[in-house]
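# I'll drop the sequence and a predicted model, then ask my questions.
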Amino acid sequence: MNGNRPSEPSLSQIEEKVAEIWKNVLNVPDGMESATFFDLEGESISAVRLVSRIEEELGVSIDVGDIFEEDPDARALARKVAEAAQAAAV
């Protein structure tokens, strides 16, 4: 029995949503879907927007500093979000 806990999204669902947020916030041009944050000329305001939208739409908090330290692409960021979601669920 699952109790009152809502089901957690799968990694593929998180990847889809993060990719959508990534494209919208960073204005990713076609063919650049696997580019990293800095490849896309991401800056601090972009990082804050990413983190804010992820929290707003997925209910998961990640540290803005992780984006600068790791220079992720959308998939790597989605894995980070999935890890944070799993840690929060414990």
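Received the coordinates, thanks.

# how about the helices in this protein?
Per DSSP state H, the chain has helices spanning 11-26, 44-58, 64-70, 74-89. These are given in chain order.

# which parts of the first one are buried?
The one in question is helix 11-26. Leu11, Ile14, Glu15, Lys17, Val18, Ala19, Ile21, Trp22, Lys23, Val25, Leu26 (16 or more other CB atoms under 10 Å). C-beta: built from backbone N, CA, C; applies to glycine.

# mind pulling the model confidence for the third one?
What it means is Glu15. We note a pLDDT of 89 for Glu15 in this prediction.

# for Leu50, which non-adjacent residue is spatially closest?
What sits nearest to Leu50 in space, not counting adjacent residues and going by CB to CB, 6 or more residues apart in numbering, is Val25, at 5.2 Å.

# list the contacts of that neighbour.
Taking CB atoms under 8 Å, 6 or more residues apart in numbering as the criterion, Val25 is in contact with Ser46, Arg49, Leu50, Arg53.

# ChimeraX command for the buried members of these?
Selection command for ChimeraX covering only the buried members of the contacts of Val25, criterion 16+ other CB under 10 Å:
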select :46,49,50,53
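
# is it true that Lys80 touches Ile62?
Yes. The criterion here is CB atoms under 8 Å, and Lys80 meets it with Ile62 at 5.8 Å.

# the closest residue in space to Ala47 that isn't next to it in sequence and Ser61, how far apart?
Nearest non-adjacent residue to Ala47, counting by CB to CB, 6+ apart: Ile67, 4.4 Å away. In this structure, Ile67 lies at 13 Å from Ser61, with CB to CB, to the nearest Å as the measure.

# please consider this matter closed, and thank you.
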